[in-house]
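A.B. asks: Based on what follows, work out the 3D shape:
(chains A and B)
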Amino acid sequence: MRTLLTLWRREVSAYFLSPIAYVVMVFFLILMGLSFWMLVTILAQGPSSAGVMRVLFGESLFFWLAILLVVPVSTMRLFAEEKKAGTIESLMTAPVEDAKVVLAKYFGALAFFIILWIPTTLYAGVLAYFSPHTAPVDWGSMTATYLGVGCIGACYLSIGLFTSAITRSQAVAAMISFSVLCGLFFAGFIPYYARIPWMQEVGRYISSVMHMMEFSRGVVDTRPLVFYLTLTLLMLFATVKVVESRKWRS
Amino acid sequence: MISVSHLTKRYRGTAVVDDVSFEVERGEVVGFLGPNGAGKTTTMRILAGYLAATGGQVRVAGYDVVTQSLEVRRRIGYLPETAPLYLEMRVDEYLRYRARIKRVPSRRLRQAVAGVKEQCGLHQMGRELIGRLSRGYRQRVGLADALVHDPDLLILDEPTLGLDPNQNRQVRELIRELANHHTILLCSHILPEVEMTCKRVLIIKQGRIVASDTPERLKETLGGGNRVRAHIKGPADDVERKLNALPHVQSVSMKRDETWNVCLIESLREVDLRPNVFELVVRNGWALRELTLANRSLEDVYLGLTLGDGVSGRGGR
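C.D. replies: Purely as a prediction, here's the structure:
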């Protein structure tokens, strides 16, 4: 446990010791700021039925753009950098289990992801403070929204982690995870367009867009929770196997 | 301390390490020599648990490197080639981090880090960013890292690679100092370094161990017998014929240096030919300018073993 904590601490601090964290944060906050600005413009047109969280997260192009770009960029270095620099060799010859290294890196990335989102909670506060209406923000739906963001983020990060483990190049890792995440994201539009019933059915299970709409309305469905959790576990397991494979791969 | 039996590692069907067996006793300092690509680094990586072998068994301190990898890794201090480090960390920060993941107890952490810093000449460098350090200092940080958990066995892969002669000497001295308390497997292709620090040398070529002995014995057995260089002035044919006729002489090669014959005389066994050569010169009334032993260096032995295609016989020529 102590080892895991030590490894995790180093992963989190590694983010803030490199310029990439700050670039990602600025970029992310600009996109989320645009999203917030859009929401304020809609609200300024008078009382509307628009759910605040839905506009801010579920339907916002900026929100998805941020997720799809931030995840690959923040996970690309996890293993690729260590492989390129050779530090993976000193890391893996220290008395630590491969699984612990993978978990530490994963939770390090997750911690960074969570830190990214913390400033956005201010948006709700700002709205609640300045809004003439009594309760523009529904705290229940806000909690559900952040839960959804956490779930989707956790899952996407595990995909990013996996792609970082399969290559030595950070750029390649980022490209692959970006493509995979885009594939997963756009597969989420299948239920809107597909005519075949079973495709609609399957599409609904994997559609991040639909899941996010639900979460932002304050609906916490267990199906997406189970989907993201299992996919995350699968990716983590696969990552451990990839890391172990260095031993016998030729 | 280390027991390797029939170790084999294949990459895409080619054996990089081919049926290698050797033992290293506790407290020994063993040099591991071989040309680039001979399988040195692969062997070290298998010992350190970074790679798995295709076949054979490796035990370190009685633990199997495959099934008891963590136990083995706890007892090994491994310095990989080029000492990879996290460049964005500070020296103290890095050593503390490494000590923690190597399970140094918290109460001994400060002491352990200060100890290895002192040992490796880093006491002034604690606050420095590793990325700003010179090659030599990075190498020392790598060494300090390998030592921080006080391992039984040190595995050093090319510890003086890329250092200037001064730094080179310092690292070599440090290794010699460490040899008092640790078992060391030192991988290198810098021969004087190995000759100065190691009590025993393993020479590996194309994945096979071709020699294993003390540097002195290697020179003796593999370098043939003695060689004597003599500068003699006299009729060349006569000199050559008579030298060849001396007892124990195996071969004589001659070169002309103006009026002098520069002769290189090799004897079969451990016999000093110099008195005989001198006597011969006196008897024939020739002149003598130089008469010295010209024994082979470890480098000659090494070159003899590792050049050429075939695997040289063990212990023979």
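A.B. asks: Quick check: residues of chain A near chain B?
C.D. replies: Chain A comes close to chain B at residues A:2-3, A:6-7, A:10, A:14, A:17-18, A:85-90, A:92-97, A:246-248, A:250, as judged by C-beta under 8 Å from any C-beta of the partner chain. C-beta here means a position set from N, CA and C on the backbone, and glycine is covered the same way.
A.B. asks: which residues of chain A fall in helices?
C.D. replies: Applying DSSP state H to chain A gives helices spanning A:2-17, A:19-44, A:52-53, A:61-75, A:77-85, A:87-92, A:98-117, A:121-130, A:139-165, A:170-187, A:190-193, A:197-206, A:208-216, A:222-245.
A.B. asks: where does the residue of the stretch 151-300 of chain B found nearest chain A fall, phi/psi-wise?
C.D. replies: Ranked by C-beta to the nearest C-beta, the top residue of the stretch 151-300 of chain B for proximity to chain A is B:I155, at 8.8 Å. Note on B:I155: its backbone torsions stand at phi -120, psi 110 [degrees, to the nearest 10].
A.B. asks: Is it bridged to anything, and to what?
C.D. replies: Going by DSSP bridges, B:I155 is paired in beta bridges with B:Y78, B:L185.
A.B. asks: just checking, it touches B:R75?
C.D. replies: No - the pair B:I155 / B:R75 is not scored as a contact, 10.7 Å apart, by C-beta atoms under 8 Å.
A.B. asks: Okay, now the unreliable bits of chain A?
C.D. replies: Judged by pLDDT under 70, chain A has its weakly predicted residues at A:46-53, A:55-58, A:132-136, A:250.
A.B. asks: and with 90 instead?
C.D. replies: Along chain A, segments meeting pLDDT under 90 span A:1-2, A:17-21, A:31-64, A:120-143, A:145, A:188-204, A:209-210, A:212-219, A:246-250.
A.B. asks: Is there a quick ChimeraX command that grabs whichever of the residues of chain A next to chain B are buried?
C.D. replies: Buried members of these, defined by 16 or more other C-beta atoms under 10 Å in any protein chain shown, are picked up in ChimeraX with:
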select /A:3,6,7,10,14,17,85,87,88,89,90,92,93,94,95,96,246,247
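A.B. asks: tally of neighbours for residue 110?
C.D. replies: Using chain A. 21 (other C-beta atoms under 10 Å in any protein chain shown).
A.B. asks: oops, chain B please
C.D. replies: B:R110 has 13 nearby residues by other C-beta under 10 Å.
A.B. asks: Could you do B:K40 as well?
C.D. replies: Using other C-beta under 10 Å, the number of residues around B:K40 comes to 24.
A.B. asks: Mind jotting down where the helices sit in chain B?
C.D. replies: Going by DSSP H, chain B shows helices at B:40-47, B:69-75, B:91-101, B:106-119, B:135-147, B:165-178, B:191-197, B:215-222, B:236-245, B:274-284, B:298-306.
A.B. asks: Mind putting these into CSV with distance to chain A?
C.D. replies: Formatted as CSV, the helices of chain B follow (distance: least, C-beta to the nearest C-beta, whole Å):
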stretch, distance to chain A
helix B:40-47, 7
helix B:69-75, 4
helix B:91-101, 4
helix B:106-119, 8
helix B:135-147, 7
helix B:165-178, 18
helix B:191-197, 22
helix B:215-222, 29
helix B:236-245, 54
helix B:274-284, 52
helix B:298-306, 25
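A.B. asks: can you list these in JSON lines and add distance to B:E128 and mean pLDDT?
C.D. replies: Formatted as JSON lines, the helices of chain B follow (distance: least, C-beta to C-beta, whole Å; pLDDT from 0 to 100):
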{"stretch": "helix B:40-47", "distance to B:E128": "28", "mean pLDDT": "90"}
{"stretch": "helix B:69-75", "distance to B:E128": "28", "mean pLDDT": "92"}
{"stretch": "helix B:91-101", "distance to B:E128": "5", "mean pLDDT": "94"}
{"stretch": "helix B:106-119", "distance to B:E128": "11", "mean pLDDT": "92"}
{"stretch": "helix B:135-147", "distance to B:E128": "8", "mean pLDDT": "90"}
{"stretch": "helix B:165-178", "distance to B:E128": "16", "mean pLDDT": "83"}
{"stretch": "helix B:191-197", "distance to B:E128": "27", "mean pLDDT": "79"}
{"stretch": "helix B:215-222", "distance to B:E128": "37", "mean pLDDT": "72"}
{"stretch": "helix B:236-245", "distance to B:E128": "63", "mean pLDDT": "86"}
{"stretch": "helix B:274-284", "distance to B:E128": "56", "mean pLDDT": "88"}
{"stretch": "helix B:298-306", "distance to B:E128": "37", "mean pLDDT": "74"}
